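K.L.:
Got a sequence here, can you build the structure:
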Amino acid sequence: MKFQIIDGVIGSNGWELGGQPIQMDLIIAGEDPAAVDRVGSKIIGFGLKEVKYLKFGMEKQLGTANLEHIEIIGKSISEVYHEF
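P.N.:
Numbers count the residues shown, from 1 in each chain. This is a model prediction of the structure:
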């Protein structure tokens with residue numbers, strides 16, 4: 001079993017090497033890489049229009065980016081949401 005993991009302990013508001021650090025204290029993990037990236041993108045305020053490869057991945061049946069089909073265990077997206 002392979003997992004996709006996003007280290008969301010500290011985010012960066014701006015660009016990766018020079019933005020303002022934001023303490024998020026999150027780890028996002030799952031077996032479906034599209035679902036993991038979709039949850040991560042939603043947490044920081046990005047939709048499918050901004051993260052176009054997720055729609056492409058769904059079309060190629062590489063996973064789901066449909067939040068209605070993603071089981072979230074732990075805090076909800078709205079509890080940890082922070083617009084970047």
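K.L.:
beta partners of residue 20?
P.N.:
Assessed by DSSP bridges, residue 20 has beta-bridge partners residue 13.
K.L.:
can you tell me how far it sits from residue 40?
P.N.:
Distance of residue 20 to residue 40, given as Cβ to Cβ, to the nearest Å: 18 Å. Backbone N, C-alpha and C define where each C-beta goes, glycine included.
K.L.:
Those two: which is more packed in?
P.N.:
residue 40 (18 against 9; other Cβ atoms under 10 Å).
K.L.:
isn't that one right next to residue 11, touching?
P.N.:
No - applying Cβ atoms under 8 Å as the test, residue 40 and residue 11 come out as separate, 9.8 Å apart.
K.L.:
Skip ahead from the lengthiest helix in the chain and say which helix or strand is next.
P.N.:
In the chain, with assignment by DSSP state H, the single longest helix is helix 33-43. Using DSSP states H and E, the helix or strand that follows helix 33-43 in sequence is helix 52-59.
K.L.:
Which strands and helices lie in contact with that next one?
P.N.:
Here helix 52-59 touches helix 33-43, going by 3 or more Cβ pairs under 8 Å, 6 or more residues apart in numbering; DSSP states H and E.
K.L.:
How much space separates the spatially closest residue to residue 30 that is not a sequence neighbour from residue 14?
P.N.:
Closest residue to residue 30 apart from its sequence neighbours, by Cβ to Cβ, 6 or more residues apart in numbering: residue 36 at 4.6 Å. In this view, residue 36 and residue 14 are 23 Å apart by Cβ to Cβ.
K.L.:
the more surrounded of these two?
P.N.:
Between residue 36 and residue 14, counted using other Cβ under 10 Å, residue 36 has the larger neighbour count: 20 against 12.
K.L.:
Enumerate every residue touching the one residue sitting closest to the centre of the chain.
P.N.:
Nearest to the mean C-alpha position of the chain, by Cα atoms, centre = their mean, lies residue 40 at 1.3 Å. With contact set as Cβ atoms under 8 Å, 6 or more residues apart in numbering, residue 40 has these partners: 6, 8, 28.
K.L.:
From the residues you listed, pick the one nearest residue 83.
P.N.:
residue 8 (14.2 Å; Cβ to Cβ).
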